[in-house]
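J.: Build me a model:
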Amino acid sequence: MNNTHLLSKNNLTMLTDFYEITMANGFFCTDNGDRTVYFDLFFRTIPDKGGLAIMAGVEQVINYIKNLRFTDEDIAYLREKKLFDEQFLSYLRNFRFSCDIWAVPEGTPVFPYEPLVTVRGPAIQAQFIETMLLVLINHQSLIATKSSRIVRAAQGRPVMEFGSRRAQGCDGAIYGARASYIAGCSGTACTIADREFGIPALGTMAHSWVQLFDSEYEAFKAYAEIYPQSCVLLVDTFNVLKSGVPNAIRVFNEVLVPNGYRPKGIRIDSGDITYLSKKARKMLDEAGFPDCAITASNSLDEYTIQDMIRQGACVDSFGVGERLITASSAPVFGGVYKLAAVEKKGEIISRIKVSENVAKITNPGFKKLWRLFDRENNKAIADVITMHDEIIDDTQPYEIFDPQHTWKRKIVTNFRAVPLQIPIFKQGVCVYESPSVTEIRAYCKEQMDTMWDEVLRFENPHAYYVDLSQKLWDEKQRLLQQHGHSL
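T.: Numbers count the residues shown, from 1 in each chain. You can find the predicted model right below:
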């Protein structure tokens with residue numbers, strides 16, 4: 001489905017940090033604007049201290065790049081600042097994106113320090129797109145990661161994204177719904193996400209529907225008469241067990257069954273849902289409706305859902321809102337965008353950022369990202385970051401080692417080596433067709449199945465190995481020593 005217009009209705013080229021423009025002008029004035037550079041987008045820590053994150057947002061990056069242009073209004077605004085060279089403003093007026101971009105496909109489990117996106121091209125262009133790349137990848141990867149945790153906690157029960165009204169703005173609702181579906185949610189309450197992406201729109205009634213009628217019974221009866229094929233009733237407006245469920249059963253018997261329909265379910269949105277669901281299940285079963293599903297909502301997250309299931313809650317599906325759409329327990333995905341290399345007379349020269357904070361030291365150079373899979377069980381063994389000109393030959397044994405504790409080494413055999421990044425743009429031309437969100441969702445599930453259960457734990461997950469090739473490790477050490485440091 002073509003949803004490019006969501007990012008092109010408004011010109012978002014100027015949605016950037018102001019220093020991207022001042023640096024672009026500076027590059028232009030010092031003849032560095034056309035110098036070829038390499039940038040990596042990566043993150044340092046996994047939200048919620050989890051074992052993995054989920055990559056998302058690539059389609060929106062593509063749409064942004066395709067519509068990257070400076071309008072007359074943009075140029076006039078910059079001229080008013082009286083900071084920018086007139087020739088630079090002329091350059092922006094005729095701006096044409098010409099970078100190469102590689103990215104890890106959406107739905108892929110990813111880990112800290114891996115290059116999720118690599119950009120190669122003129123310094124002005126590669127630097128300028130930093131803000132929007134981070135906005136798009138950070139947000140959707142954050143929501144996809146949180147959604148994946150919630151979906152896994154539900155243990156196969158459908159999870160519906162119900163968070164639009166608590167999202168951080170309109171885009172947060174729309175693209176949060178998209179990210180949640182990629183990670184395994186069954187649908188969304190966000191109608192526009194259905195229209196634009198084909199994500200199933202779900203939902204029945206609010207408490208106001210019940211309150212508007214003279215009685216709960218009349219409210220239920222009217223709804224059942226209008227929607228007999230998809231009747232789900234909200235039973236907690238007044239009292240779940242004393243009125244909500246009894247009135248629902250009465251309507252099922254009086255309106256649905258005589259006309260050949262079966263109820264789809266009830267929803268409980270408040271109270272001790274574990275207790276109420278057990279009692280409601282018993283009442284529904286005794287009334288002859290064992291096929292009537294029970295949906296739970298109300299400030300749920302992965303831990304609440306996990307506890308409810310452990311305590312025997314009779315819940316068939318979950319509606320999750322604010323804690324999913326805002327990733328409230330860890331609301332920042334700390335992606336960063338760092339220079340990794342420059343070209344000089346055709347030679348790629350590595351660059352490194354050094355810090356007293358070891359976590360902020362970057363991996364230098366133009367790199368590749370590989371995932372090694374066990375051929376016997378198709379489980380992921382480790383990821384390896386190599387220099388761009390390296391090939392991991394999976395017909396031969398391969399040694400991996402911990403880049404921090406180099407004495408920890410392992411010889412890997414009988415494995416598949418798969419490069420994770422794929423070309424997205426070549427010299428500014430898009431060479432990648434984004435899959436549908438349904439296809440990305442299926443791919444995400446497939447890739448999650450390659451992860452060990454130990455990595456998927458919520459508490460103290462196993463640290464998945466992301467290693468450096470010997471060549472990259474040596475290059476990093478050389479640069480650290482050059483700058484008076486060592487690891």
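J.: show me what contacts residue 298?
T.: Applying CB atoms under 8 Å, 6 or more residues apart in numbering to residue 298 gives the contacts 268-270, 273. C-betas here are computed from N, CA, C, even on glycine.
J.: Tell me the predicted confidence for the most centrally placed residue in the chain.
T.: In the chain, the residue lying closest to the centroid (CA atoms, centre = their mean) is residue 141, at 2.5 Å. On pLDDT, residue 141 comes in at 98.
J.: measure it to residue 56 for me?
T.: Using CB to CB, to the nearest Å, residue 141 is found at 5 Å from residue 56.
J.: Look up the residues that both of those two are in contact with.
T.: Shared contacts of residue 141 and residue 56, defined by CB under 8 Å, 6+ apart, are found at residue 179.
J.: I figured residue 427 was touching residue 98, is that so?
T.: Yes. With contact defined as CB atoms under 8 Å, residue 427 and residue 98 form a contacting pair (5.4 Å).
J.: And the contacts of residue 298, which is closest to residue 172?
T.: The closest of those to residue 172 turns out to be residue 269 (CB to CB; 22.4 Å).
J.: what's near enough to touch that closest one?
T.: 207, 234, 236, 296-298.
J.: How many neighbouring residues does the closest residue to residue 202 other than its chain neighbours have?
T.: Excluding its sequence neighbours, the residue lying closest to residue 202 (CB to CB, 6 or more residues apart in numbering) is residue 187, at 4.1 Å. By other CB atoms under 10 Å, the residues close to residue 187 number 22.
J.: just to revisit the earlier point, now which of the contacts of residue 298 would you call buried?
T.: 268-269, 273 (16 or more other CB atoms under 10 Å).
J.: would you list those residues in JSON lines and tack on pLDDT, distance to residue 94 and secondary structure?
T.: Compiled in JSON lines, the buried ones among the contacts of residue 298 are given as follows (pLDDT from 0 to 100; distance: CB to CB, whole Å; DSSP: H, G, I helix; E, B strand; the rest coil):
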{"residue": "268", "pLDDT": "98", "distance to residue 94": "60", "secondary structure": "strand"}
{"residue": "269", "pLDDT": "97", "distance to residue 94": "56", "secondary structure": "coil"}
{"residue": "273", "pLDDT": "97", "distance to residue 94": "60", "secondary structure": "helix"}
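J.: Using CSV, list the CA coordinates for the helix ranked longest in the chain.
T.: The longest helix of the chain (DSSP state H) is helix 130-153. Below are the C-alpha coordinates for helix 130-153, written out as CSV (Å, rounded to 0.1, in the frame of the first residue of the first chain):
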residue,chain,number,x,y,z
GLU,A,130,21.2,12.7,10.8
THR,A,131,18.2,14.1,12.7
MET,A,132,15.4,12.6,10.7
LEU,A,133,17.1,9.2,10.5
LEU,A,134,17.4,9.1,14.2
VAL,A,135,13.8,10.4,14.7
LEU,A,136,12.4,7.6,12.5
ILE,A,137,14.6,4.7,13.5
ASN,A,138,14.7,5.5,17.2
HIS,A,139,10.9,5.9,17.6
GLN,A,140,9.7,2.8,15.7
SER,A,141,12.5,0.6,17.0
LEU,A,142,11.6,1.6,20.5
ILE,A,143,7.9,0.8,20.1
ALA,A,144,8.6,-2.4,18.2
THR,A,145,11.0,-3.5,20.9
LYS,A,146,8.5,-2.8,23.7
SER,A,147,5.7,-4.5,21.7
SER,A,148,7.8,-7.6,21.2
ARG,A,149,8.2,-8.0,24.9
ILE,A,150,4.4,-7.6,25.5
VAL,A,151,3.6,-10.0,22.7
ARG,A,152,6.0,-12.6,24.1
ALA,A,153,4.5,-12.2,27.6
